[in-house]
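Trainee: Sequence plus the predicted model coming up.
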Amino acid sequence: MSSARAYWGDLRLWYYGRTYVESMERQGRITHLGVDREEALQVGSNPNFVGEIEVTTVFAPPKVGGSVPYTRQAFRSHVAAMMDALKTRAGLAQPGAVLVWVEDVALARELSSVVTGTYTTTAAHGMSTGDRVLIRNDSTTGGYAYGSITNTGASTFTFSAIETGSAYSPGSGYDVLVVERAWPMQYLAGMEPLPSRGQGDFFDPAAVYRFYGSRANAYSRTAVNLDADL
């Protein structure tokens, strides 16, 4: 299975990450029409771009007792639970939250302790100053933070939060995930129907979650130089 994961605030977008697609569109384009003119007058001084992101995941029921129940009941119940979780957060808990793409979950490390601002992991973490991370606890609603690594040791680091959930209280049991791409303050646009057309009633390789918001302050771990010979 894929090693990628996607999260919106504290919520994992179930199940394994497949890909994401970014786009942007100019809103409220100003056009003046006049008589005796072949061309309309376009006013380009007010861009007002809105970014859109579609995240695609593999969707399957979670493991129960060590095995995945590939049944219609389990699949449909999990789809409904995912929709309810998205709706709850979009309406009240976190109307806008960071959208995070983790390329390789194998780089994740578990926290053993946090003492006076120093985070200690159970094993060497391999992170560098300036890396962005998502620190989260699977079992705590609102138990997450997104931010930058400010200093590192072999299994320690300090952290500057950019966004924190309402119940963030880091310590043993929290996971630290290295972020490849992140978009702060994204809003839920919707979730595509599941199962998608032509798929069975117990597994779907393409669950699509749609978000919109500003592309300002978006982060990419992989740097690109557009002036270089690509």
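Mentor: Received the coordinates, thanks. Residues are numbered from 1 along each chain as shown.

Trainee: in terms of contact, does R181 touch Y219 like I think?
Mentor: Yes. With contact defined as Cβ atoms under 8 Å, R181 counts as touching Y219 (6.8 Å). In short, each C-beta sits where N, CA and C put it, glycine included.

Trainee: Would you mind listing where this protein has pLDDT under the threshold?
Mentor: Within the chain, the segments meeting pLDDT under 70 span 1, 92-94, 229-230.

Trainee: in which helix or strand would I find the residue lying farthest from the centre of the chain?
Mentor: Within the chain, the residue lying farthest from the chain centre (Cα atoms, centre = their mean) is D36, at 50.8 Å. Using DSSP states H and E, D36 sits within no helix or strand.

Trainee: for S23, same thing?
Mentor: Secondary structure (DSSP H and E) places S23 in strand 16-26.

Trainee: If you count neighbours, what's buried in that strand?
Mentor: Of all the residues in strand 16-26, those buried under the rule 16 or more other Cβ atoms under 10 Å are Y16, G17, R18, Y20.

Trainee: Tell me the one among these nearest to V224.
Mentor: When these are ranked by distance to V224 (Cβ to Cβ), Y20 comes first, at 16.3 Å.

Trainee: bridging residues for the closest residue in space to the closest one that isn't next to it in sequence?
Mentor: The spatially closest residue to Y20, leaving aside those adjacent along the chain, is V55, at 4.8 Å (Cβ to Cβ, 6 or more residues apart in numbering). Going by DSSP bridges, V55 is paired in beta bridges with Y20, Y209.

Trainee: give the contact list for V55.
Mentor: A6, L13, G17, T19, Y20, L99, W101, V208, Y209, R210, F211 (Cβ atoms under 8 Å, 6 or more residues apart in numbering).

Trainee: Please report the distance of it from R5.
Mentor: According to Cβ to Cβ, to the nearest Å, V55 stands 10 Å off from R5.

Trainee: residues near S77, how many?
Mentor: 13 (other Cβ atoms under 10 Å).

Trainee: Count the neighbours of the residue nearest to it when sequence neighbours are not counted for me.
Mentor: Counting by Cβ to Cβ, 6+ apart, S77 lies nearest to P61, which is 7.8 Å off, once chain neighbours are set aside. A total of 20 residues lie near P61 under the criterion other Cβ under 10 Å.

Trainee: measure P61 to F49 for me?
Mentor: 38 Å.

Trainee: ditto for T116
Mentor: 42 Å.

Trainee: more neighbours, the two?
Mentor: Set side by side, T116 and F49 show more neighbours around F49, with 11 against 5, by other Cβ under 10 Å.

Trainee: Please name the bridge partners of the more buried one.
Mentor: R26.

Trainee: For Q27, see how far away it is.
Mentor: In terms of Cβ to Cβ, F49 sits 7 Å off from Q27.

Trainee: ok, now A124?
Mentor: 47 Å.

Trainee: just T56 next, same as before
Mentor: 25 Å.
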